[in-house]
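[1] Next comes the sequence, and after it the predicted model I'd like to discuss.
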Amino acid sequence: MDIEFNKNEDQNKQLLFQLRKKIEKVKLGGGEKRIAKEHEKGKLTARERIDYLRDTDSDFLEIGALTADGMYEEEGGCPSAGVVTGIGYVKGRMCMIVANDATVKAGAWFPMTAKKNLRAQEIAMENRLPIIYLVDSAGVFLPMQNEIFPDKEHFGRQFRNNAKMSSMGIIQVAAIMGSCVAGGAYLPIMSDEAMIVDKTGSIFLAGSYLVKAAIGESVDNETLGGATTHCEISGVTDNKYDTDQECLDAIRNIFDKIGAYEKAGFDRKEAAKPKKDETELYGVFPSDRVKPYDMREIIERLVDESEFDEYKKDYGKTLLCGTARIEGWAVGIIANQRKIVKNKKGEMQMGGVIYSDSADKAARFIMNCNQRKIPLLFIQDVSGFMVGSKAEHGGIIKDGAKMVNAMANSVVPKFTIVIGNSYGAGNYAMCGKAYDPRLIYSWPTAQMAVMSGASAAKTLLQIKVASLKKSGETITPEDEKKLLEEITAKYNEELSPYYAASRLWVDGVIDPLETRKVISMGIEAANHAPITEKFNVGVIQT
């Protein structure tokens with residue numbers, strides 16, 4: 001181990017410590033006092049319900065743990081967007097679980113709550129996963145109703161998804177374990193089976209106060225929409241249970257009898273650990289994001305037996321393409337090479353930049369993986385496509401378009417891990433969020449933006465200075481320095497992986513050692529959804 005390795009390891013472990021502290025805080029939801037209040041009512045918290053429901057010692061892949069991080073501060077914050085979502089196992093069956101967190105604003109829906117719920121449904125739909133809703137929500141957060149109610153990707157879209165999933169044959173089971181009001185009442189009742197916890201669960205289109213105001217009727221909430229009402233009178237819910245635990249046991253019993261699912265047929269062999277030590281990822285990955293390194297050293301610590309069968313190894317060297325296995329699953333990997341390399345003409349090429357030959361190679365490799373039914377993994381550390389007259393004359397736009405076309409039209413599932421830079425069109429070509437990766441996670445070292453912080457700050461400064469001078473203002477060097485510092489600070493905040501995770505541009509920020517688990521569970525989920533489309537790239541210029 002050299003000094004550089006130790007320096008990288010120290011820096012990356014510090015970033016990991018910060019991540020763990022954030023996750024610990026998020027898992028407290030609305031705080032210990034709010035958790036105690038739920039317990040006083042005889043209720044479990046959202047995370048306790050999920051832990052009780054899923055199989056003992058089984059993996060759970062949380063989706064969007066850091067959603068809404070740093071947002072809605074004027075409203076007191078909304079940790080994890082007030083809902084816990086993730087992929088887990090119930091009676092051995094992989095499923096999506098969605099649980100409202102009543103410790104956060106009584107489980108009210110903020111704009112990011114809707115976005116996160118829709119993301120969970122999207123994952124269930126893409127992968128044909130059964131979905132379980134553990135409902136405990138006061139409904140829409142009224143002060144922000146204009147940002148959550150009427151648009152296509154707002155609150156109502158979840159009920160449309162309920163209907164679509166039902167028609168697709170995707171199993172939906174709901175448990176009403178607290179409040180379930182107004183439009184939110186449709187979610188559990190549009191599920192295949194709806195159960196309710198007696199005395200704590202209630203469901204109605206309008207609560208007692210609104211009923212009194214609207215039609216003058218005086219009625220208590222339990223009579224209006226409690227478990228007895230809906231299980232014995234209206235028939236809205238199917239069965240009632242005395243406790244959260246009994247209700248969750250009933251869900252487990254349902255999943256114990258579900259038939260086998262049709263498989264996509266992705267290849268899997270017995271899993272094997274990488275031969276190279278995974279923990280060395282902390283030291284191999286540089287703390288200085290402009291410093292070159294060999295991406296093969298990262299890949300060989302992520303794949304089974306550290307075996308990576310490279311495609312066109314001596315051509316298009318700024319992108320590594322090849323096949324490997326992760327936890328036994330066959331996977332096709334496209335990764336940015338950060339080393340400075342020589343092309344076929346002996347010219348030096350910058351690491352992390354996509355050149356014409358690299359894009360051409362990647363497009364062909366993506367086509368091969370579609371032909372062979374091999375899922376794709378994109379490992380991003382990309383500064384963008386090559387620019388300048390030489391690149392333009394060489395057709396960089398045309399070759400980049402080939403790669404984007406092949407990637408966008410892939411019918412095999414795609415997964416993305418952002419480990420370093422993710423700038424500009426490089427984010428797009430390497431399967432950023434806009435290109436429907438089944439899962440997209442980042443390491444704490446990731447940055448996402450149109451361009452790097454330094455480049456953006458200088459560009460924005462030039463625009464600002466020109467504008468001020470045009471209006472007749474005098475700009476001193478000290479003023480320029482102060483402006484640059486302000487612009488850089490703002491831009492660097494927006495580059496953060498936590499900024500991206502907060503807005504669900506990525507599904508989460510993970511310890512590098514969790515990468516294999518994310519990809520393995522992702523492919524296992526994707527294996528629930530047989531491929532029914534044919535791969536067709538449409539028109540590609542040659």
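    Everything's here; your move.
[2] Any stretches of this structure with poor pLDDT?
    Applying pLDDT under 70 to the chain flags residues 1, 183, 452-454, 456-457, 540-542.
[3] Using CSV, write out every CA atom in the longest helix seen in it.
    Longest helix in the chain by number of residues (criterion: DSSP state H): helix 3-26. Only the C-alpha atoms of helix 3-26 are listed here, as CSV (Å, rounded to 0.1, in the frame of the first residue of the first chain):
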residue,chain,number,x,y,z
ILE,A,3,0.8,6.9,0.4
GLU,A,4,-1.6,7.7,-2.4
PHE,A,5,-3.7,4.6,-1.6
ASN,A,6,-3.8,5.5,2.1
LYS,A,7,-4.8,9.1,1.3
ASN,A,8,-7.6,7.9,-0.9
GLU,A,9,-8.8,5.5,1.7
ASP,A,10,-8.9,8.1,4.5
GLN,A,11,-10.8,10.6,2.3
ASN,A,12,-13.3,8.0,1.1
LYS,A,13,-13.9,6.6,4.5
GLN,A,14,-14.6,10.1,5.8
LEU,A,15,-17.2,10.5,3.1
LEU,A,16,-18.7,7.1,4.1
PHE,A,17,-18.9,8.3,7.7
GLN,A,18,-20.9,11.3,6.6
LEU,A,19,-23.2,9.0,4.6
ARG,A,20,-23.8,6.7,7.6
LYS,A,21,-24.6,9.7,9.9
LYS,A,22,-27.2,11.0,7.3
ILE,A,23,-28.8,7.5,7.0
GLU,A,24,-28.9,7.1,10.8
LYS,A,25,-30.7,10.5,11.1
VAL,A,26,-33.2,9.7,8.3
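[4] Next, report how far that helix is displaced from the centre of its chain.
    Distance, stretch centre to chain centre, for helix 3-26: 21 Å (Cα atoms, centre = their mean, to the nearest Å).
[5] Go through it and flag the buried ones.
    8-9, 11-12, 15-16, 19, 22-23, 26 (16 or more other Cβ atoms under 10 Å). For glycine as for every other residue, the C-beta is placed from the backbone atoms N, C-alpha and C.
[6] Mind giving me the packing neighbours of that helix?
    Counting contacts by 3 or more Cβ pairs under 8 Å, 6 or more residues apart in numbering; DSSP states H and E, helix 3-26 packs against helix 281-284.
[7] contacts for the helix it packs on?
    Residues from elsewhere that reach helix 281-284 (Cβ atoms under 8 Å, 6 or more residues apart in numbering): 1, 5-6, 8-9, 12-13, 16, 293, 297-298, 301-302, 512-513.
[8] what's the farthest-apart pair in these?
    Asn6 and Leu302 (21.6 Å; Cβ to Cβ).
[9] Most distant residue from the centre of this protein?
    Distance from the C-alpha centroid of the chain peaks at Gly472, with 47.2 Å (Cα atoms, centre = their mean).
[10] measure that residue to Val539 for me?
    With distances taken as Cβ to Cβ, to the nearest Å, Gly472 is found 52 Å from Val539.
[11] quick revisit: go through the buried residues of helix 3-26 and say which is closest to Ser202.
    When these are compared against Ser202 (criterion: Cβ to Cβ), the nearest one is Val26, at 27.7 Å.
[12] Would you mind confirming that that closest one makes contact with Ala68?
    No. The criterion here is Cβ atoms under 8 Å, and Val26 misses it with Ala68 at 9.6 Å.
[13] Give me the common contacts of these two.
    Common neighbours of Val26 and Ala68 (Cβ under 8 Å, 6+ apart) are 79-80.
[14] A helix includes Gly30, no?
    No. Counting by DSSP: H, G, I helix; E, B strand; the rest coil, Gly30 is not found in a helix; it is coil.
[15] could you pull out the helices for the stretch 351-500 of the chain?
    According to DSSP state H, counting those that start in this stretch, the stretch 351-500 of the chain carries its helices in the segments 356-372, 389-393, 396-408, 424-429, 453-470, 477-495, 497-502.
[16] Between the ones you listed, which one is closest to Ser520.
    Taking Cβ to Cβ, helix 356-372 is the member of those nearest to Ser520, at 17.4 Å.
[17] And the closest one, what does it pack against?
    Here helix 356-372 touches strand 319-326, strand 329-336, helix 396-408, going by 3+ Cβ pairs under 8 Å, 6+ apart.
[18] among the ones you listed, which is the most enclosed?
    Highest mean neighbour count among those (mean count of other Cβ atoms under 10 Å): strand 329-336, with a mean of 25.
[19] Using PDB, write down the CA coordinates of that strand.
    Taking Å, rounded to 0.1, in the frame of the first residue of the first chain, the C-alpha atoms of strand 329-336 are listed here in PDB:
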ATOM      1  CA  TRP A 329     -25.600 -13.000 -12.700                       C
ATOM      2  CA  ALA A 330     -24.200 -12.500 -16.200                       C
ATOM      3  CA  VAL A 331     -23.800  -8.700 -16.900                       C
ATOM      4  CA  GLY A 332     -22.500  -6.500 -19.700                       C
ATOM      5  CA  ILE A 333     -20.400  -3.600 -18.300                       C
ATOM      6  CA  ILE A 334     -19.800  -0.200 -19.900                       C
ATOM      7  CA  ALA A 335     -17.500   1.900 -17.800                       C
ATOM      8  CA  ASN A 336     -15.600   5.100 -18.300                       C
END
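[20] how much space is there between Pro437 and Ile333?
    For Pro437, the distance to Ile333 (Cβ to Cβ) stands at 14 Å.
[21] what sits in contact with each of the two?
    Among the neighbours of Pro437, those also in contact with Ile333 (Cβ under 8 Å, 6+ apart) are Phe378.
[22] Just give the number of residues close to the nearest residue to Ser137 once chain neighbours are set aside.
    Nearest residue to Ser137, sequence neighbours excluded (Cβ to Cβ, 6 or more residues apart in numbering): Gly107, at 3.6 Å. For Gly107, the neighbour count with other Cβ atoms under 10 Å is 26.
[23] ditto for Pro512
    For Pro512, the neighbour count with other Cβ under 10 Å is 22.
[24] hang on, it packs against Trp443?
    Yes. Contact criterion Cβ under 8 Å: Pro512 and Trp443 qualify, at 5.3 Å.
[25] Which neighbours do these two have in common?
    Listed as contacting both Pro512 and Trp443 by Cβ under 8 Å, 6+ apart are 285, 419.
[26] Asp436 against Lys414, yeah?
    Yes. Asp436 lies in contact with Lys414 (Cβ under 8 Å); the separation is 7.0 Å.
[27] Look at the two and report which has more neighbours.
    Legend: neighbour count by other Cβ under 10 Å for Asp436 and Lys414, higher for Lys414 (25 against 15).
[28] Show me what that one is bridged to.
    Leu376 (DSSP bridges).
[29] who's in contact with it?
    375-378, 407, 431, 435-438.
[30] List buried residues within these.
    For those, a burial check counting by 16+ other Cβ under 10 Å picks out 375-378, 407, 431, 435, 437-438.
[31] Specify the residue ranges that define each domain of this structure.
    For the chain, the structural domains run 31-256, 278-446+506-528, 453-495, going by the TED database.
[32] if I look at Ile196, how far off is Asp267?
    43 Å.
[33] Skipping adjacent residues, who's closest to Arg438 in space?
    Nearest residue to Arg438 in three dimensions, chain neighbours excluded: Pro413, at 4.7 Å (Cβ to Cβ, 6+ apart).
[34] now Lys240
    Ala227 (3.9 Å).
[35] more crowded one of Ile196 and Asp267?
    Ranked by neighbour count (other Cβ under 10 Å), Ile196 and Asp267 place Ile196 first, with 30 against 14.
[36] Show the subsequent helix or strand relative to the particular helix or strand that has that one in it.
    Element membership for Ile196, per DSSP states H and E: strand 193-197. Counting by DSSP H and E, the next helix or strand C-terminal to strand 193-197 is helix 208-215.
[37] That next one - contacts with which helices or strands?
    For helix 208-215, the elements it packs on are helix 221-225, judged by 3+ Cβ pairs under 8 Å, 6+ apart.
[38] Next SSE downstream of the helix it packs on?
    Helices and strands here follow DSSP H and E; after helix 221-225, the next one along the chain is helix 227-228.
[39] Fine by me, we can end here.
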